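*Asks:* quick one: sequence and predicted model below, then my questions.
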Amino acid sequence: MPTGLNAATLIGDKVTIEPYAVLRSCRVENKCIVGARSVLCEGSVMETESILAPNSVVPPARRIPSGELWGGNPAKFIRKLTANEVGQEVSGHTGWGVAARTIHSLCGAGGVAGTELPVQPMR
């Protein structure tokens, strides 16, 4: 059954998608972080330099504005990113540990859903 939503998944430059995240017919713009085990449903959009916390679910057709941190199930606005947080090139570093530490610092030690992410030391 046609939904009118684009069936393609579009991913921009310098995007970090952590392990076990699921992206379904959505758009993730440049310099975004998608937390581990998160789900972006059909027609959802993450605008440039936005962050989705681990274990979050973005409902169909929901838009996460640029420069904001969202999380939860369903995902909701948590707070604006600070000037220091906006523009960090997390995906430019090696390993998932940098992105995990960044998300942990933004969401608190347990993340939004209270689940710890394993952070491996960088070598």
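*Replies:* Yep, that arrived.

*Asks:* make it CA atoms for all contacts and neighbour counts henceforth
*Replies:* Fine.

*Asks:* what is the burial count for the closest residue to residue 67 other than its chain neighbours?
*Replies:* Once flanking residues are discounted, residue 67 sits nearest to residue 50: 4.8 Å by C-alpha to C-alpha, 6 or more residues apart in numbering. Counted with other C-alpha atoms under 10 Å, residues neighbouring residue 50 total 27.

*Asks:* need the strands for the protein, in chain order.
*Replies:* Under the criterion DSSP state E, the chain carries strands at the ranges 10-11, 16-17, 22-23, 27-28, 33-34, 39-40, 45-46, 51-52, 57-58, 63-64, 68-71, 76-80.

*Asks:* what's the longest one packed up against?
*Replies:* Taking 3 or more C-alpha pairs under 8 Å, 6 or more residues apart in numbering; DSSP states H and E as contact, the helices and strands that strand 76-80 lies on are strand 68-71.

*Asks:* before we move on, what about the first one?
*Replies:* Using 3+ C-alpha pairs under 8 Å, 6+ apart as the contact criterion, the secondary-structure elements in contact with strand 10-11 are strand 27-28.

*Asks:* tell me which stretches of the chain form helices.
*Replies:* Counting by DSSP state H, the chain has helices at residues 97-107.

*Asks:* picking that back up, phi, psi for the residue nearest to residue 67 please.
*Replies:* Per-residue torsions, residue 50: phi -110, psi 160 (degrees, to the nearest 10).

*Asks:* pLDDT-wise, which helix or strand of this structure ranks last?
*Replies:* helix 97-107 (a mean of 56; mean pLDDT, DSSP states H and E).

*Asks:* so where's the chain uncertain?
*Replies:* 1-5, 87-123 (pLDDT under 70).

*Asks:* show me what contacts the residue nearest to residue 67?
*Replies:* 31, 32, 33, 64, 65, 66, 67, 68, 69 (C-alpha atoms under 8 Å, 6 or more residues apart in numbering).

*Asks:* any idea which of those is closest to residue 54?
*Replies:* residue 33 (9.7 Å; C-alpha to C-alpha).
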